[in-house]
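# fold the following.
(chains A and B)
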Amino acid sequence: MIDYKVQISEAINNVLMEMEVSTENINVADMIERPSDDKLGDYAFPCFKLAKELRKAPQQIAAEIAEKLQSSDVFEKVENVNAYVNMYIAKQGFIDDVLKNAVLHGDDFTKGTEGEGKVITIDFSSPNIAKPFHIGHIRTTVIGNAIYLIYKNLGYNVVRINHLGDYGTQFGKMIVAYRKWGNKEDVEREPIKTLLSYYTKFHEEAEKDPQLDDEARKTFLNLENGEKEEVELWQWFRDESLKEFNKVYDMLEIDFDSYAGESFYSDKMPAALKELEDKGLLKDSQNTKIVDLEEYNMAPAVITKSDGSSLYITRDIATALYRKKEYNFHKSLYVVASQQDLHFAQLFKIVELMGYEWAKDCVHIQFGMVSLTEGTLSTRKGRVVFLEDVLNKAVESTKEIILEKGVVSENIDQVAKEVGIGAVIFNELAHNRIKDYVFDWDKVLNFDGETGPYVQYTHARACSLINRADENIVKKANGLEGLDTSILGEGSAYDLLKLVYNLEGAIKEAADRYEPSVITRHIVKIAQGFNRFYNEERILSEDANETAAKLSLVIATKNAIRNGLALLGIKAPERM
RNA sequence: GGGAUACUAGCUCAAUGGAUAGAGUAGCUGACUUCGAAUCAGUUGGUUAAAGGUUCGAAUCCUUUGUAUCUCACCA
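So this is what the prediction gives:
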């Protein structure tokens, strides 16, 4: 679609040149903003900053600029109010442009090409083997997937990596526990719960009998050394756990390109360690090796334990080096909770100290904590909400509502799934990532107001209109040929058209800020705009041209909502 | 004790340093014989945690204080 900001900044730059203002210290494009109120125009340019250089009152400058911009055919009207130049875009050109894109190229009018030829790796979800996949994992999983979709939409080649927690002494413990108290059938029937119960039992017993811990360490060493029996058990635990995780991924329709987890990097650590050593970054301290980061106002990073074994950060250094070599990424994203802020700050700093300029391309996309009304999540204390349960419950209550409404008669289960799971995802992506939140069943299962079902309902309503309308009129609306769309230049129709236009900008902003909620909020606005339009105006009217023109806006809106939801990983059913 | 992040309407949240701080929800009032009421319209609700400062202009930037959460060498 036409980028009006570019056109406007060009026009203003020309005017400023005429006025002999040096534009060296100001970026006109960055100064253009959207007025707080639609009535004040489509774009605005504040003139305060120019006052000093010109030694004139900003109001006067605004008046002069407004005067000179009048002649531009981009605008229908230019006004100065206070010290702002308020610009109104020429309507018909705008309407034509938005409809041409959103109706004729409805499937991909929000797509971009800036990412062509560039690779982005994104590390998200990353659950621990043999541990429950609970509500705490939903954020990284859903946010990560949305960011993947958003960047893919901009043309990037995005590699999704599920960095499984599949390594460490915990697996020594698990193997020991399984050998002592385990049962194959139980594990196969309910892998996570069963394995977790062994793990818990191990901890209880180990308190009485510390020898168990030694045994676990020895067993893990066997695993590291590739002893057949240990490796086979470990592989089996991993496979069974993944099967269970995949149930959730299937429900969410999330896929990964790589499941290279912690174990994958175990043989890549020695080289990374040697490199740190060679580059003189390691320091001996209390029998451990550390990287001193005091200079950068950070705690020291322990790289090897006193017994010589490695740590989380050691593996992550090896991981970062491997990913650069393997994928030659343009950017490397880590969607991990803000609890690990320090860890990633240390990691990226160490990579930088190793002399890699691409350290700046590594981004920690952090997000706030999830807690329960009873307190923080704790597997041991039984404070867990399984993600699978949340999704199932959302689908169930959606189904009840569907049956109650009685609109849908076929594929009820499929629709219930799309709406119920969509509601959970939407809820997750509605707020800024950084906020902590308390999981609340009532909120997840409430479908009124700014929710996923609200947006989907609006989409279904738009589809319903298109289905009801006369076939020939729909054809005309879809083709736009010979259609007088000037009536869309007023009131709620024009407001809605602007919202559809602005979706592209919202997507761009969501990408720049790694903040899917920008899109979530924007499609809510589109839905609100549509519902207002729907209530204020009769769409299927007696007048064929008027109906066709309005329907073209309905089609544009429908496409905008569908595309927006798709970027969040949410379906847009035609009936619900 | 050090560090990080947050604090906006009763509640949940918006607001690239810009115009009168906006939505949803809850409460109240209205709109289904009418294109789908999972909807819409109206209304009540604010010293943006507090105090200073920078600026033509601050919820936003800086300083101090308070509160909450996270984190701080051998867990991941």
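# so in chain A, where's the weakest helix or strand by average pLDDT?
Ranked by mean pLDDT, DSSP states H and E, the weakest helix or strand in chain A is strand A:375-376, scoring a mean of 82.
# what lines up beside it in the sheet?
strand A:370-372 (antiparallel) (DSSP bridges).
# mean confidence score for the strand it pairs with?
Strand A:370-372 shows a mean pLDDT of 90.
# from the chain's centroid, how far away is it?
Centroid separation for strand A:370-372 versus its chain: 20 Å, with C-alpha atoms, centre = their mean, to the nearest Å.
# outside of that strand itself, list whatever touches it.
Here strand A:370-372 makes contact (C-beta atoms under 8 Å, 6 or more residues apart in numbering) with A:135, A:136, A:138, A:139, A:377, A:383, A:385, A:436, A:437, A:438, A:439. Any C-beta I mention is one placed from the backbone N, CA and C, and that applies to glycine too.
# and the two most separated of the residues you listed?
Of all pairs drawn from the contacts of strand A:370-372, the widest gap by C-beta to C-beta lies between A:139 and A:383 and measures 17.0 Å.
# so for the two, which sits in the more crowded spot?
residue A:139 (22 against 15; other C-beta atoms under 10 Å).
# find the nearest non-adjacent residue to that one, please.
The spatially closest residue to residue A:139, leaving aside those adjacent along the chain, is residue A:367, at 5.1 Å (C-beta to C-beta, 6 or more residues apart in numbering).
# contacts for the helix or strand encompassing residue A:363?
Using DSSP states H and E, residue A:363 maps to strand A:362-365. Contacts to strand A:362-365, defined as C-beta under 8 Å, 6+ apart, come from residues A:143-144, A:147, A:320, A:331-336, A:340-341, A:344-345, A:347-348, A:351, A:433, A:514.
# now the residues you listed: which count as buried?
By neighbour count, with 16 or more other C-beta atoms under 10 Å, the contacts of strand A:362-365 hold A:143-144, A:147, A:320, A:331-336, A:340, A:344-345, A:347-348, A:351, A:433, A:514 as buried.
# the residues you listed also near RNA strand B: which ones?
By C-beta under 7 Å from any atom of the strand, the members of these lying near RNA strand B are residue A:340.
# of the buried ones among the contacts of strand A:362-365, which belong to helices?
Among the buried ones among the contacts of strand A:362-365, DSSP state H puts A:143, A:144, A:147, A:320, A:344, A:345, A:347, A:348, A:351 in helices.
# as TSV, these with distance to residue A:124 would be great.
Below are these laid out as TSV (distance: C-beta to C-beta, whole Å):
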residue	distance to residue A:124
A:143	7
A:144	2
A:147	8
A:320	16
A:344	14
A:345	19
A:347	16
A:348	17
A:351	20
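# quick one: residues contacting the closest residue to residue A:128 other than its chain neighbours.
In this structure, residue A:128 finds its nearest non-sequential neighbour in residue A:165, 3.4 Å apart by C-beta to C-beta, 6+ apart. Applying C-beta under 8 Å, 6+ apart to residue A:165 gives the contacts A:126, A:127, A:128, A:129, A:131, A:261, A:262.
# phi, psi for residue A:165 please.
Dihedral angles of residue A:165 (phi, psi; degrees, to the nearest 10) stand at phi -80, psi 90.
# any idea how far RNA strand B is from it?
Distance, residue A:165 to RNA strand B, by C-beta to the nearest atom of the strand, to the nearest Å: 5 Å.
# one more: residue A:445?
10 Å.
# look up phi and psi at the residue nearest to that residue when sequence neighbours are not counted.
Spatially, and ignoring its direct neighbours in sequence, residue A:445 is nearest to residue A:397 (5.2 Å; C-beta to C-beta, 6+ apart). For residue A:397, the backbone dihedrals are phi -70, psi -30 (criterion: degrees, to the nearest 10).
# give me the pLDDT for residue A:397.
As predicted, residue A:397 sits at a pLDDT of 95.
# just give the number of residues close to it.
Residues near residue A:397, counting by other C-beta under 10 Å: 18.
# surely it touches residue A:442?
No. Contact criterion C-beta atoms under 8 Å: residue A:397 and residue A:442 do not qualify, at 11.0 Å.
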